[in-house]
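In: Kindly return the folded structure for what I paste below:
(one chain, ligands or ions: 1)
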Amino acid sequence: MARFDFVSTPLSGLTLVQRKAIEDQRGFLSRFYCADEFREAGLTKAIKQINQTLTRKKGAVRGMHFQYPPYVEAKLVSCLHGEIFDVAVDLRSNSPTFLHWHGAILSAQNRQSLLIPEGFAHGFQTLTEDCELIYLHTESYHPEAEGALNFADPKLGIVWPLATTEISDRDMNHKLIEQDFQGISL
Ligand SMILES: Cc1cn([C@H]2C[C@H](O)[C@@H](COP(=O)(O)OP(=O)(O)O[C@H]3O[C@@H](C)C(=O)[C@@H](O)[C@H]3O)O2)c(=O)[nH]c1=O
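Out: Below you'll find the model as predicted:
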């Protein structure tokens, strides 16, 4: 029996994952990740790293982050406490949706995750206080290969639901996309 529903988004490969819960009087059990089912949804590489974050303030923004080749990675992003507006930007140079973004609300309650393929930037805004996220990564952290977009870049036009209440200095100061930006060749 399938433990997940994989729902396509307007950006090819970017997938909303609905974790199904099996409930009984004690509560529920829901599978969080399953290599066999995720392989069919396009996540073919092994998980190399799992990160957890806590973001205290409502309205805080983190992003928009990615890694350049040879360390491109897919990420499975989930919110285990609170609610976030999660955003992925298509950076695949040959994609018909190059520089398009897509957002989804992820929360502990809706049990949805965003499966972000290689070649995308990722970021989010907290919609409640005390948001805890868990990330599954197919590549290890390589700070020397990190790339970033500015969350407020008018070329992206991401519509954030709330005013920004907190952002790191690093994220605030990411450069705007330049004319010759080619994106990522996979
Ligand atoms: C991502 C990462 C960071 N770090 C360190 C670097 C730094 O000292 C501290 C905090 O890192 P950052 O400021 O980059 O954390 P943060 O801004 O939360 O970075 C995250 O943002 C979201 C949007 C993503 O998509 C993630 O993949 C990741 O890039 O943790 C690691 O040691 N390992 C890691 O895997």
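
In: how about whatever residue of the chain ends up closest to the ligand, what does it touch?
Out: In the chain, the residue that lies nearest the ligand is residue 141 (3.1 Å; Cβ to the nearest ligand atom). Using the backbone N, CA and C atoms, a C-beta is placed for each residue, glycine as well. Going by Cβ atoms under 8 Å, 6 or more residues apart in numbering, residue 141 touches residue 49.

In: Let me know the secondary structure of it.
Out: Following DSSP: H, G, I helix; E, B strand; the rest coil, we place residue 141 in the coil state.

In: cool, residue 134 as well?
Out: Applying three-state DSSP: residue 134 is strand.

In: So it sits against residue 50, correct?
Out: Yes: using Cβ atoms under 8 Å, residue 134 is in contact with residue 50, at 6.7 Å.

In: Of those two, give the one with the bigger neighbour count.
Out: residue 134 (17 against 11; other Cβ atoms under 10 Å).

In: Enumerate the beta-bridge partners assigned to that one.
Out: For residue 134, the beta-bridge partners are residue 52, residue 78 (DSSP bridges).

In: quick one: contacts of the worst-scoring helix or strand of the chain on mean pLDDT?
Out: Using mean pLDDT, DSSP states H and E, helix 35-40 stands out as the lowest-scoring helix or strand of the chain, at a mean of 94. Applying Cβ under 8 Å, 6+ apart, the contact partners of helix 35-40 are 2-4, 6, 31, 46, 76, 115.

In: what's the pLDDT at residue 1?
Out: Listed pLDDT for residue 1 reads 84.

In: before we move on, the earlier item: mind giving me the ChimeraX select for the contacts of helix 35-40, buried ones only?
Out: ChimeraX command restricting these to the buried ones, with burial defined by 16 or more other Cβ atoms under 10 Å:
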select :3,4,6,76,115
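
In: Farthest pair within the contacts of helix 35-40?
Out: Of all pairs drawn from the contacts of helix 35-40, the greatest distance, 21.4 Å, lies between 2 and 46 (Cβ to Cβ).
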